[in-house]
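Visitor: Just to be clear, the model below is a prediction. Sequence and coordinates:
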Amino acid sequence: MNVLDVMRPFVDEGSSLTMVELYVDEDLSGQCVGVRLAFSEKEFFVHAEGIDDSICVSEAFPAALSDGAIRTVLAPAEWISAIGYPILWAWVMTNTQGRIDGLQIEFGTVDHPSITLQIVVRASTLVLRTL
């Protein structure tokens, strides 16, 4: 299943974000290797595919995040500010090799300024940005 196929039900259902959790790898100096976005009844995980540095999104907990050196941490305040809002839009970013290596998600409502979160794969880790 591709990234947007996993994302589509979350956009269509309009459920609000309830939790953001980051997975960091102690063997990689605490760099982010996974993100969990939870909604009222469902959740999805984002991580990097190490073979080709593409982005992976799944509703099941990825085996790639089961390594003993990986621990969970709180998300940055900017990301936590998206809690309570539904996904309005989701985009993928494709690199010059044709691989999907980024995901951009916009949270908000029509009467509230949107919060746009971006996840980009770099060297098998995730770079998190707020736009």
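Guide: Cool, got the structure.
Visitor: Could you grab the helix/strand/coil label for residue 82?
Guide: At residue 82 the chain is in coil, as set by DSSP: H, G, I helix; E, B strand; the rest coil.
Visitor: so it touches residue 114, yeah?
Guide: No: using Cβ atoms under 8 Å as the test, residue 82 is too far from residue 114 to be in contact (9.2 Å). The way it works is simple: take the backbone N, C-alpha and C, and place the C-beta from them, glycine included.
Visitor: quick one, phi/psi of the residue nearest to residue 44 when sequence neighbours are not counted?
Guide: Nearest non-adjacent residue to residue 44, counting by Cβ to Cβ, 6 or more residues apart in numbering: residue 59, 5.3 Å away. Per-residue torsions, residue 59: phi -90, psi -20 (degrees, to the nearest 10).
Visitor: Check the one 10 residues further on too.
Guide: Dihedral angles of residue 69 (phi, psi; degrees, to the nearest 10) stand at phi -90, psi 0.
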